[in-house]
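*Asks:* Below: sequence and its predicted model.
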Amino acid sequence: MIFTQYYLDCLSQASYLVADETTGQAVVVDPRRDVAEYVEDARARGLTVVGVVNTHFHADFVSGHLELARETGAWIGYGEAAQADFEVRHLADGERIPLGDVTLQVMATPGHTPESISVLVFEHADDEVAYGVLTGDALFIGDVGRPDLLASIGATADELGRMLYDSIQHRLMGLDDAVRVFPAHGAGSACGKNLSTEKQSTIGEQRRVNYACQPMTEEQFLAVVTAGQPAAPEYFVYNAILNRRERDVRELDVAVPALDADAVDAALADGAVVHDARDPQEFAAAHLDGAVNVPVDGRMAETVGMVFRPEQRIVVMAPEGQEQEVATRFSRIGFDHVVGYVADVEGYLLAHADRVRRASRLTVTEVAEAAAAGDVQLVDVRNAGELENGTIPGARHIPLAELGRRSEELDPARPVVAFCAGGWRSSVATSLLRSRGFADVSDVLGGYAAWDAAHASA
């Protein structure tokens, strides 16, 4: 058996290739949209991708099922409840898919979405215990899929939560302890609240340590699973709908062009906006007026979906050599309007000095002084679960995922100071507010961690 896990840190997203070495037949599960790696790996190993399985209609990224089907001729499989605009092979609960001796078996595990399935992997068709189970967004390492996302169009969080209870407590926990667990997401994903950094586990380990896998009533399960979930990025609904549609297919070798100064000026004059993917310190030192800073070194794909809209035309300012990677990350969430990238960032900024701005970044001492003086709006952009360990006194909580639609709660004529855990998200937040006309905006160097450390030692 060939079993490969592919993991994207920027989306905390895992996909899988399972194949029988004898027959060369393979299936890819939960593929991302840029599918070249799967295609190249299959060719290198002499494999034929015969099927593409999505465990559900994903909300946090655009699945690569259409791209893989075009490249390989594979069928596209979903759970029985799935309804899509393209041809789907509906996979029934208990259905077995032989690849040779290696066999896949479908397990209906609704709850995160109505159509959710898990996929049992048997190394040999007659094995009594599966090698592993691909759990999609039903069971994570240390957590379970949230039932409250709007990706589950047409069902309520309560209805889905009760489905999830049965899927976790009875179906998945009914598997043998030795079965390996391979989820679709890891730590950082907004599809859950307590995901581990580990990439795999076992049913037995999750039975012991996962809070949602402990014996409990349905009502207790609903309460514990829905409490403290992070704010969902607004693009989730867009992706959940897009993954149901017959959309444009991404080319394997797509690239965005380098733009000279004249081309950049023309694009901006035509309504394009600037995404500055540089480090927050570089951005703070000098950036183009109106640019929004989402650094490429973190959870860029998910974060750009919080601060940009799918239809916006984007001009990228990125660290040298990472321009195409930035554009690819936009496409992974279906944002397909990257016009190009600034070929010479430093040269462009020098030539447009009248439009270059610096970002205000305050130390915790300066923040304390500003708060004591009054007339400053403190904004905590962390997720709800992060507030358990405290916040800066007087701060208003607006998670970064909600800041775009809730910025009207703030007065653009008064100073704003935003903070997160360490300073990455606050740079995003403050740049977004400046792009919307807020004149006096600062973020906190070192974030709440620096504030807490300073006041713990005081």
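*Replies:* Received it, and whenever you're ready, just let me know what you need.

*Asks:* what's the closest non-adjacent residue to residue 409?
*Replies:* In space, not counting the residues next to it along the chain, residue 409 is nearest to residue 398; the distance is 6.9 Å by C-beta to C-beta, 6 or more residues apart in numbering. (C-beta placed from N, C-alpha, C; glycine too.)

*Asks:* Next, the contact list for that neighbour, please.
*Replies:* 379-381, 406, 409-410 (C-beta atoms under 8 Å, 6 or more residues apart in numbering).

*Asks:* The same query, at a cut-off of 7 Å, please.
*Replies:* 379, 381, 406, 409 (C-beta atoms under 7 Å, 6 or more residues apart in numbering).

*Asks:* What helices and strands are in contact with the host helix or strand of residue 28?
*Replies:* Following DSSP states H and E, one finds residue 28 within strand 25-29. Using 3 or more C-beta pairs under 7 Å, 6 or more residues apart in numbering; DSSP states H and E, the elements in contact with strand 25-29 are strand 13-19, strand 48-53.

*Asks:* Take those and lay them out in CSV including mean pLDDT.
*Replies:* Below are the helices and strands packed on strand 25-29 laid out as CSV (pLDDT from 0 to 100):
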stretch, mean pLDDT
strand 13-19, 97
strand 48-53, 98
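
*Asks:* and of the contacts of residue 398, the nearest to residue 264?
*Replies:* residue 381 (29.4 Å; C-beta to C-beta).

*Asks:* gap between the closest one and residue 348?
*Replies:* 29 Å (C-beta to C-beta, to the nearest Å).

*Asks:* Give me the more crowded residue out of these two.
*Replies:* residue 381 (27 against 19; other C-beta atoms under 10 Å).

*Asks:* What are the buried residues along whichever helix or strand comes after the strand holding residue 28?
*Replies:* For strand 25-29, the following helix or strand on the C-terminal side (DSSP H and E) is helix 36-44. By 16 or more other C-beta atoms under 10 Å, the buried positions in helix 36-44 come out as 38-39, 41-42.

*Asks:* how big is the angle separating helix 36-44 from strand 25-29?
*Replies:* If you take axes from the mean of the first three to the mean of the last three C-alpha atoms, to 10 degrees, helix 36-44 sits at 170 degrees to strand 25-29.

*Asks:* Rounded mean pLDDT for helix 36-44, please.
*Replies:* Helix 36-44 carries an average pLDDT of 97.

*Asks:* Just give me how far that helix sits from the chain centre.
*Replies:* Its chain's C-alpha centre and that of helix 36-44 lie 24 Å apart, by C-alpha atoms, centre = their mean, to the nearest Å.

*Asks:* how's the chain carved up into domains?
*Replies:* Domain ranges of the chain: 2-242, 258-357, 361-456, per automatic domain parsing.

*Asks:* Reformat those domains as a markdown table; add distance to residue 249.
*Replies:* Shown next, in a markdown table, are the domains of the chain (distance: least, C-beta to C-beta, whole Å):
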| stretch | distance to residue 249 |
| --- | --- |
| domain 2-242 | 5 |
| domain 258-357 | 11 |
| domain 361-456 | 29 |
